Each structure stands twice: as structure tokens, then as C-alpha cells.
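Colleague: How does the following fold in three dimensions:
(6 chains)
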Protein chains: 4
Amino acid sequence: MDQIVEKNSKTWQRRKQARPGEILDAALAVFADKGFAAARMEDIAAKAGVTKGTIYLYFQSKEEVFKSLARQHVSDSLAMAAEEARRFEGSTFDFLSVFLQRCASMILTSEAVALPKIIISESGNFPELAVFWRKEVIDKTTAMLSGVISKGIARGEIRDVPPEYVAKLCMAPMLLGLIWRTTFAHTDDTPFDYEAFMAMHRDVLHRGLRAEGQAA
Amino acid sequence: MDQIVEKNSKTWQRRKQARPGEILDAALAVFADKGFAAARMEDIAAKAGVTKGTIYLYFQSKEEVFKSLARQHVSDSLAMAAEEARRFEGSTFDFLSVFLQRCASMILTSEAVALPKIIISESGNFPELAVFWRKEVIDKTTAMLSGVISKGIARGEIRDVPPEYVAKLCMAPMLLGLIWRTTFAHTDDTPFDYEAFMAMHRDVLHRGLRAEGQAA
Amino acid sequence: MDQIVEKNSKTWQRRKQARPGEILDAALAVFADKGFAAARMEDIAAKAGVTKGTIYLYFQSKEEVFKSLARQHVSDSLAMAAEEARRFEGSTFDFLSVFLQRCASMILTSEAVALPKIIISESGNFPELAVFWRKEVIDKTTAMLSGVISKGIARGEIRDVPPEYVAKLCMAPMLLGLIWRTTFAHTDDTPFDYEAFMAMHRDVLHRGLRAEGQAA
Amino acid sequence: MDQIVEKNSKTWQRRKQARPGEILDAALAVFADKGFAAARMEDIAAKAGVTKGTIYLYFQSKEEVFKSLARQHVSDSLAMAAEEARRFEGSTFDFLSVFLQRCASMILTSEAVALPKIIISESGNFPELAVFWRKEVIDKTTAMLSGVISKGIARGEIRDVPPEYVAKLCMAPMLLGLIWRTTFAHTDDTPFDYEAFMAMHRDVLHRGLRAEGQAA
DNA sequence: AATGAATGAGATTTCATTCAT
DNA sequence: GATGAATGAAATCTCATTCAT
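Modeller: Presented below is the predicted three-dimensional model:
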């Protein structure tokens, strides 16, 4: 076309770029609440402050919304994991302690806990997504932790244990916290002191893994 | 479970009384595969070898099928937990070891792992079910384990720790195993050696909890 | 399953077998009236005396209904063409006369005229169907007529003409009649005397094709 | 056609006045391809190099686009028919020959063949359009041809036949050509020699209609 | 004059549930 | 007791149309 009108006024531009994010935020909340199948596009739209049709301007289908959501948070998770790994200085237990505390705080505060929960819930209907998540999140996190543990063994800080399984042991209480918060927390009157729980976890891990002759 | 009116022929009778169970078995399989919302009554019926209409002779609705399923397996779980508790003899760690091994073997072999997985998946749509499960399964199991741990502390086998949280720490790797088997296992080429994992768990737990001066 | 109940009572059986036909009849009428895209499943259902859902018990989609319709009438058409060919006795012009009269009467009376009209209308959206129709109906009919004409030439009844094109010339007024009846007839007050039109067609064809020296 | 308000720049002005035409051209192409109902405004806009909104500056609705299209081409057709009629000199068969050749070439080369095809396709949804087309195009063309034929009969060139039906016989192969090109041509490997077909048509018509004692 | 984001009515399709047989 | 054809509410998705910019 001949002449380019000063198109996309600022307000629109901002809106257009913000929309997909707004929709994904809304979708996260609704999927977290209902699961994939029971989530209605109308609900997501309403929560995002738009109408059904608008979602289809940005995403091809409900399934695509879900996958975008997963992909977005995976990249976040990966960034986090990578950053943690880079931070490694001081003793192995110090690192583990800091790492676990970070994980815990994310699990306890971020809206994004809903995502792994959804992946777990919907693995039957989206097997590719479960694969994707395992490879991109679980395997990489496990590899990172294994590396840290191996280094700790080499340094004589940690006794001789299989790093793979220990990595998973480190993560297990995180998973429990995640499931608890997303599944049972709001049905429970007696509050769960996640901090104390995680502290206990670190304590048991420390005593359970340290090499003989290492001080507490 | 629903009472079936008496009939004359033996074979018939056996069949009729078996029906609800067959349907529940089928439902477990389908729910495990698809989750609640995505499971179709037609699939359940087909797997049970009946037609859709028949299901409604025994259950009022899809939701009711689900609840019956949960109730049935809960009673099993409770029975198991209670029995375990009664068996308590020997050292605390011996008990924990045996208990965890039992749990593990159930998680690894029983079809019923699907149940907690579904509870997790569908908690958003069936909050009452999550409440029911927490009260009837989780709280009771936790209470039982807490009791065992408290006794261990009193006996001087276990150092002074908060029994509640330690109970949850004991269960966390079970949860991880459960999630793994129901969510990621079939997407993974490299097999997960659950036995080794659980052994490692018991080992770390032992060293991490034993009172000072106790032998390994 | 153990015992086969005297299932499918007569009434149901008859219904079940009649349904697809009833639905296709209704679909023919609605598609003829609105074309494919504008035809609503609800309309088809209503005309067939069932509800939307029922159609999906017998056909996977709207498109599938359409294709079934086409397939059904193609086999009818083929049967007719084949039968006509078998009937060939007497002079070539006698055969043509009878054949064209049959075609004409079908075009003028049968509900099935709607089908070629729909194929024409929807060729853009269903190219495979246009191909199918051309190969199965048009090509075969043309081949049959070409054969007849060739034989007529060999016998010295028809002058030397390209049989392919003459076959199409024979059919052209049929097409015009078909289009007229399905498209313009109900908008017209002055009635179109199809019989006279077709008679004129046969007359012109006879004089236009007969070999020199042949009597009228 | 809609009047456009004056503007200053020459280029702009040319553009603005060209717009409706460009849109109609695009619409013709899209309607030809998909039919009316399945044609999307977005497609028309894209083909015209504008956006959906722009179309609504010139036309009130999709239906209005369609009607404008029909009106535009009808006036062309009528003009052509009228001009042909005026040209009448020489023998009746010469006129028919020239007229049919003109028709044929339009059917074979012009984009506008799509128009009657669409009228046929959408007659169910737009009965007024079918009426309009019949009155403005078909009836007038038929009347013109009838006149020519009557004159031919009066002159002793054509034997005594009903002019109305013969006029339609003249047009029938045109219709067949039109349908062929718009519906089956692109599905066919073996090309259709329209020229030879039309020549055959003229030949048969000549022999079939000429008065006794007239030379070929 | 033109844009294009947003709308929302309406279409197709699915499936839990009913009920005549 | 069992069937399975039929239902119809509710979901997803499409697209003609509007309107702020």
C-alpha cells in the first residue's frame, strides 16, 4: 500500500502487546482452578477482561493457550535454574540450602505453582506436554542438582551417594509443598508452616548426607 | 456400596453383584488415563463390557461413580494404615522401613495409584473430595506416623524433632514416586529405579533423624 | 457377554435402519435450498424429525452427510446409465430419444436434481467431490453416449462427427433444464414447457446429425 | 455505484475512486472460489489489498457487495447483448454464429463467468437475485435471440420452429461450457476443446434448423 | 479515508443423561 | 436388569460487523 498512516497509536500498541500476556495470566488462574477440560474459554476471557472471540485473535485454540502457558513458564523455570547454578560458591550445603529456600519461596508465593500442578493433572490428555516438561524442567533441574552433589562428594563434604536419587530426594518435599498448596491448603484450617517444614528438610538432608567427620 | 435386589439364578446373582465393582474398576482405569472431566461414560461402559445406560442402574451420575471409587479405595488405604500401626514391634526405624517399603510397593504395583493422582487433578472441581481425602487418608496417615515418631523420640532412638513435619518428610518421596509413575514414567526411556530411590530415602532418613550416639 | 437378550425389538430395528436414509433425504432438501454452508444441522434435523445430536449418531460431521448424499446418488445415477446402455436396441436415434426422454423426466420429477445442482454450487468448497462426480457420473455417461454415437456412425445412421462433443451436445439441454428447475423455475410465472423443449432438442439433433440420404 | 466525496490529491482521488472496483474484483474472485456463504470478508479484503473495515466504507454488508457485483456485470452483459442485436446484418446463421462465438469467448476468457455460477449457487439464499438475473439477463437475451430466429423464419432461412425454445437450445451449450469451466475444468487432465465443441454446436444447429432446400 | 482490535451472535459438535423397549 | 437411540444443554470456535483511533 502506498502511504503508511501513522498507524498503531500508542494506546493500541500497548494493548495489543499486553493482551497475550493478560490472557495467559487469566488462563493460568482458570486452569489452576478447574483443570484443562473444565476451564471455559468464556471464563478465561472474562478474567482477562475481554470476550471469547478476542482470545482467538491471539491463540488458535484452547489447547494452544495451554501450551503457550506451559512454554512461557518453562523458560522462566529454566532461567531460574540456570541462574542458581551460576551462583554456586561456598559450601555445597550452603548452595543446597539457598537453592531449596528459593524453590520453597517460589512454591509458596508465586502464582506459577499452578503450572506444574496442571501439567501433572493433564498429563493424560497432553502426553507431549508431560514429555516436554520432564525434559525441559525436571531433567535439567535434576542434572544441575546432581552436578552440585557430585562436586560435594568430590570435595569430601558429602558421603558417597548416588547423586541422581539424592537430587530427587532434595526435590520431593518441594513437590509435596506444591501439591499441598495447590490441592489441600484451602481445605485446611490448621495452617501448614512451610518454612519450618523446609527447614526440617534441610536439616535432615544435611545430617543424612554429610561425610563422616564433617561438622554439622 | 449399593444393594442389589435378590434374584434367582446363581450365575445371574454373581454377575449382578459383580457389576458395580467391574464398573468401578473400569472407571478407575479411564479416570486415571483422562482425568475426570475428559473421561467419557461411553469409555467406562465399554471397558466394563456394558453400555452407558447400565452404569446409571448402579450410579446416579458420573460424579457419583467417582465418589464411590474414592470411598472404596480410601477404606482400603485406611485398613492398611491401621494394620501397619498395629504391627508396630521392634525399633522405630525398623517400623518406618517396613512401612515405607509397603507404601512404595503399593505405589509401584497397585492400580490404585491412579486414585490420589485423580484427587490431585480434580481437586479444583471437587473440593469436597479433596477435603474427604485429606481427612480420611492424609491426616490419619500423618497422625499414625507422628505417633510412631514421637514414640521413637521418647525411646531415645530419634533426636528431638517436630513429629508432624518429619511424618510429611517420610511421605514426600512416596508422593514423588506416585507422581512419577502416573505422570512421567511412560514418557521416559531411562527407567527410574524406585527401589534404589526408596532405599536411599530410608538411609538418609535414618542418618538424618537418629539421636546422637545411636549406631547406624 | 453371557446372554444375548432378545435385543433390537422390531420397531427400533426398523427405525435405526431407516434413520440414515431419512436424514439424507432431509439433507438433500435443505442443501438444495440453502447450499452447503448456509444449511444448518438444526434444519436438517428438524426436517428429518429428529434433533441435532441424532445426526451425529449416524454421520461424523456435516461434511460427511454431504458426501454420503453425493455417494448415494452417484450409485443411483450409475445404475441408471448402465441400465440405459443395456437397453440399446433399434436405431441409434431411437435410443437417443428414449435416453433423453428418461433423463428429462428424471430432471423434471425427481427430487434428486438437487444433487448435481449442489455439486455445481459447492465445487469450490469440495473439489474432491467435483472430481468424484465428474469421473463417476459425467465421464461414464459421456463414454456411454459416445459409444452409442460411434456405433451410429459405423452403421451409417449418423454422419461423421466427433462423438465426444456430440455426447456433450446431447446433454447440454438437460443441464439447462436442470439449472432452470432448480434455480429459476420458482421465480417464473410463465411456465417452461420442458417437454416441448426436449422434443425440439431431439428434433434438431436428429436433423443435425443424420447422415446424408437418411430419411427423417 | 456509491459516490465518493471529492478530495484534493490526484493520486489519492484516483485511488479512492478505484477502491470499490478493486473490492468488487476481489469479491468476484473470492465468491467464484468459495461461493457466497463460505467467502470471508477477510479474504476479499486481503485480495483487494485493504482491511475488512475498509470494505464497510463502500458497501453496507456482504450481501450488498454481492448485489453490486451482480448489477455491475449485468449492465455489461446487457450492453453487450444490445450491441450484438444492433449489429445484425447478413444471414441469420451468420449472426448466430458470430453471437455464439462471442458468448463462447467471454465464457472462456472473462473472469465474469463466475457471476452466473454464483447466481446459480446462491439462488436458494438470494431468490431476489435469481429473479433479477433472469429478468435482466436471461429473459432479455432470450428475447433478442427469439427475435433473430423469428426473423430467420420469416426470411425462409430457418424452418418453422418455436423461437423461444430454439433460443434456449442455442444457449444450452454455452451454459455447459460455463459450468464446465467454473466447476470441472481444473479437476480434469484431458483438456476440453471448447472451440471445437462450439463449432460442432453451430454446425448441428445449422443443419438442424435450416429450412428445406437451403444450402449448408 | 483507513485501520484493525474487539465484539457477540450463531454455527458445529460433544456427551451426560433419559427412557421406551 | 439391560439396552442403545435419542435428547439437548453447553462447550468451542468462526466471522460479519462495529468503532475508537
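
Colleague: A:T51 and A:M41 touch, don't they?
Modeller: No. Using CB atoms under 8 Å, A:T51 is not in contact with A:M41; the gap is 9.7 Å. Just so you know, the C-beta spots here come from the backbone N, C-alpha and C atoms, and that holds for glycine as well.

Colleague: Between these two, tell me which one has more neighbours.
Modeller: Using other CB atoms under 10 Å in any protein chain shown, the more surrounded residue of A:T51 and A:M41 is A:M41, with 18 against 12.

Colleague: ok, that one to A:L28 distance?
Modeller: Distance, A:M41 to A:L28, by CB to CB, to the nearest Å: 14 Å.

Colleague: now chain A, which segments are flagged as low pLDDT?
Modeller: Applying pLDDT under 70 to chain A flags residues A:1-16, A:85, A:87, A:214-216.

Colleague: now do 50
Modeller: Within chain A, the stretches falling below the threshold (pLDDT under 50) are A:1-8.

Colleague: How is it divided into domains?
Modeller: As given by automatic domain parsing, the domain ranges for chain A are A:1-59, A:63-209.

Colleague: So for the last one, first residue to last residue, what's the gap.
Modeller: With CA to CA, to the nearest Å as the measure, the ends of domain A:63-209 fall 43 Å from one another.

Colleague: How far away from the center of its chain is that domain?
Modeller: Counting by CA atoms, centre = their mean, to the nearest Å, domain A:63-209 is centred 8 Å from the centre of its parent chain.

Colleague: Let me know whether it sits next to DNA strand F.
Modeller: Yes. Domain A:63-209 comes into contact with DNA strand F (CB under 7 Å from any atom of the strand), by way of A:E63.

Colleague: Let's have the domains of chain A in TSV, adding distance to B:S150.
Modeller: Below are these laid out as TSV (distance: least, CB to CB, whole Å):
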stretch	distance to B:S150
domain A:1-59	36
domain A:63-209	15
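
Colleague: Looking at those domains, which one is packed in the most?
Modeller: Ranked by mean neighbour count under mean count of other CB atoms under 10 Å in any protein chain shown, the domains of chain A are led by domain A:63-209, which reaches a mean of 18.

Colleague: Quickly check: that domain near DNA strand E or not.
Modeller: No. Counting by CB under 7 Å from any atom of the strand, DNA strand E has no neighbours in domain A:63-209; the shortest distance is 10.5 Å.

Colleague: got the angle for the helix or strand A:P116 falls within vs helix B:114-122?
Modeller: Using DSSP states H and E, A:P116 falls within helix A:114-122. Inter-element angle recorded for helix A:114-122 and helix B:114-122: 130 degrees (by axes from the mean of the first three to the mean of the last three CA atoms, to 10 degrees).

Colleague: Might you report the residue contacts of the nearest residue to A:E111 once chain neighbours are set aside?
Modeller: Excluding the flanking residues, the one nearest A:E111 by CB to CB, 6 or more residues apart in numbering or on different chains is A:L28, at 6.3 Å. With contacts defined as CB atoms under 8 Å, 6 or more residues apart in numbering or on different chains, the neighbours of A:L28 are A:69, A:111-112, A:114-115.

Colleague: Show me the two of those that sit farthest apart.
Modeller: A:L69 and A:E111 (11.4 Å; CB to CB).

Colleague: I'd like to know if the helix holding A:P116 reaches chain B anywhere along the stretch.
Modeller: Yes. Counting by CB under 8 Å from any CB of the partner chain, contacts between helix A:114-122 and chain B involve A:117, A:119-122.

Colleague: Show me which of those is closest to chain B.
Modeller: Closest approach to chain B among those (CB to the nearest CB): A:S121, at 3.6 Å.

Colleague: so what's the residue nearest to the closest one when sequence neighbours are not counted up against?
Modeller: Excluding the flanking residues, the one nearest A:S121 by CB to CB, 6+ apart is B:S121, at 3.6 Å. Residues near B:S121 by CB under 8 Å, 6+ apart: A:35, A:120-122, B:35-36.

Colleague: Lovely, talk soon.
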